[in-house]
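Novice: no sequence for this one, just the structure:
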């Protein structure tokens, strides 16, 4: 095939022009997406409590976080994991929720907790 195109340079040029024309005609139908439509659905909360056991962290931090976040709109699930010196909570938002409002509500509720231990 290379030998045939070497012997007929006009055919090679016509094939090149045909491929370029097909590419130019296909460009308007290409779907482009600069940023994917991604909505985060989870918010993480971490509280450090130095010198505390996992049971102390659960009692003094996790239970208070769970109580404070019960009234947040669009909350689907709340998990809190207690370990020595650290409490980690993850709040999952419902699919129909507003992300910005969800994060703001969680921040407001966590900031409103006043009875956390002084080392937390």
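Specialist: Alright, I've got the coordinates. The structure presented is a predicted model; accordingly, all values stated were derived computationally and were not measured.
Novice: CA atoms for contacts and neighbours, from now on please.
Specialist: Will do.
Novice: spit out the contact partners of residue 73.
Specialist: By Cα atoms under 8 Å, 6 or more residues apart in numbering, the contact set of residue 73 is 97, 102, 105.
Novice: just to be sure, it is in a helix?
Specialist: No. Assigned with DSSP: H, G, I helix; E, B strand; the rest coil, residue 73 falls outside any helix and is coil.
Novice: rewinding a little: the contacts of residue 73 into CSV, with extra columns for neighbour count and distance to residue 81?
Specialist: As requested, the contacts of residue 73 are exported to CSV (neighbours: other Cα atoms under 10 Å; distance: Cα to Cα, whole Å):
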residue, neighbour count, distance to residue 81
97, 15, 24
102, 22, 21
105, 16, 21
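Novice: by pLDDT, rank the residues you listed and give me the bottom one.
Specialist: Model confidence across the contacts of residue 73 bottoms out at residue 97, which has 82.
Novice: what sits closest to that one if chain neighbours are left out?
Specialist: Leaving aside its chain neighbours, residue 97 sits nearest to residue 74 (5.2 Å; criterion: Cα to Cα, 6 or more residues apart in numbering).
Novice: quick one: that neighbour from residue 88, how far?
Specialist: Computed as Cα to Cα, to the nearest Å, the residue 74 to residue 88 distance reads 20 Å.
Novice: neighbour count winner among those two?
Specialist: Neighbours of residue 74 and residue 88, each counted by other Cα atoms under 10 Å, are more numerous for residue 88; the result is 19 against 16.
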